[in-house]
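S.K.: mind folding the following:
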Amino acid sequence: MGEERVGDLRYGLGTLDTPGLNAKGWGHAEPGVRGVARTVNYRRQLIPKPNPMRSVFERLRLPGLPSRRRRESREQLSRFPLLSLPPEIREEVYRFYFGPEAIHLASDQGRITSYRCKQTDPSPVSDCCTRPYCIAYFQAAASENDRNSRVNTALLYTCRQIYREASAMLYRSVIFQTNAMVTWVLFAGMISPGHLAMVKGLRACWIALPCLTMAPIPPNDPRYPEYEHYTVFMDGHFREFWEILGSRMSGLQDLGFVMDYTGQFLSRAVTAEWHRQLTKVTGLKRLDLQIWDTFGGAQWQTGRDEAKAAAEMEVLMEYLKKRMCSRARCEVSS
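M.R.: Numbering: from 1, shown residues only. Here you go, the predicted model:
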């Protein structure tokens, strides 16, 4: 009932309940009283004349007849027996349907390709079951030769209620992995804000830009701040990625991330500029941060001073834990 309609009803009821009014108009025609107000049938103007058959129909109407919404709900249950199960059982059905395996994401010219991982907890650089950074491998894996690797979303097209329930379970129960920040930025723009906020697990990798104006500079060099700014922030996706995680992914609890500076240097000091973007993320229950560079080594390379790099990394992780993790027990690794 709109505001105007409510006002009309209040005006009508207030007028009829005003003392000094009879059913036909102003005052009572008392004997000997002159100047009685002209009778006006306000009741007929304000309230329609009651229909005598209305009460008959109301008495005949059976109270047990279902409303239109209830009939539609029953019809939906008859068409989709799954909805007749308790919500807890339906959640287990959705969980079993999608499976626990992680989902790899890759992008090529703005197009997202998805591929089911062989593991439930994938590597941030996807070397758990794929060749790192290879978009051709993702496309081949999702081709007709390997249909089982695709993300099966047929259940989502059943009906609206099943779509809402099943899609929520999909985003909450699996871990997503991407090798490029731009891929996650694109993916975040393709799904609904509600689904993005449901994502609990993410693995990602940042590959530093090569500096074309100077050779790799160690952190103790006075020119290092300029070098770090160029190799990290010249690609706008670094800031945008962490902005999405910090402001739009409120459900994120498990984050694994690799700063791939292979062949270059990255400072592990708590005063470094690059990890200020990471602290936009809060409320984590698990944080895994790895740095691959010349100083501390990479996945298949030995670093120049791995012991010193490990000591600095331990201090940095304790610093990030206080800012990125929830007050409850948080698992931190590097």
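S.K.: show me where the stretch 51-200 of the chain has helices.
M.R.: Using DSSP state H, counting those that start in this stretch, the helices of the stretch 51-200 of the chain run over residues 52-60, 68-79, 87-98, 135-141, 160-173, 181-190, 193-198.
S.K.: among those, which gets the worst mean confidence?
M.R.: Across the helices of the stretch 51-200 of the chain, helix 52-60 has the smallest mean pLDDT, namely a mean of 47.
S.K.: Pro222 in helix, strand or coil?
M.R.: Judged by DSSP: H, G, I helix; E, B strand; the rest coil, the three-state class of Pro222 is coil.
S.K.: try Arg203
M.R.: The local conformation at Arg203, judged by three-state DSSP, is strand.
S.K.: with the one 3 residues further on instead?
M.R.: The local conformation at Trp206, judged by three-state DSSP, is strand.
S.K.: sticking with the spatially closest residue to Asp221 that is not a sequence neighbour, tell me its helix or strand.
M.R.: Using Cβ to Cβ, 6 or more residues apart in numbering and skipping the chain neighbours, the partner closest in space to Asp221 is Tyr227 (7.7 Å). (C-beta placed from N, C-alpha, C; glycine too.) Tyr227 belongs to helix 224-233 when assigned by DSSP states H and E.
S.K.: quick one: contacts of that helix?
M.R.: 208-211, 213-214, 216-218, 221, 238-239, 261, 264-267, 272-274 (Cβ atoms under 8 Å, 6 or more residues apart in numbering).
S.K.: so which of these belong to strands?
M.R.: Tyr261 (DSSP state E).
S.K.: among the contacts of helix 224-233, which ones are in helices?
M.R.: Among the contacts of helix 224-233, the members falling in helices (DSSP state H) are Phe238, Arg239.
S.K.: quick one: buried ones out of the contacts of helix 224-233?
M.R.: Buried by 16 or more other Cβ atoms under 10 Å: 208, 211, 216-218, 238, 261, 264-267, 272, 274, out of those.
S.K.: can I get those residues in JSON lines with pLDDT?
M.R.: Shown next, in JSON lines, are the buried ones among the contacts of helix 224-233 (pLDDT from 0 to 100):
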{"residue": "Ala208", "pLDDT": "84"}
{"residue": "Cys211", "pLDDT": "75"}
{"residue": "Pro216", "pLDDT": "87"}
{"residue": "Ile217", "pLDDT": "88"}
{"residue": "Pro218", "pLDDT": "89"}
{"residue": "Phe238", "pLDDT": "93"}
{"residue": "Tyr261", "pLDDT": "89"}
{"residue": "Gln264", "pLDDT": "89"}
{"residue": "Phe265", "pLDDT": "90"}
{"residue": "Leu266", "pLDDT": "93"}
{"residue": "Ser267", "pLDDT": "93"}
{"residue": "Ala272", "pLDDT": "93"}
{"residue": "Trp274", "pLDDT": "94"}
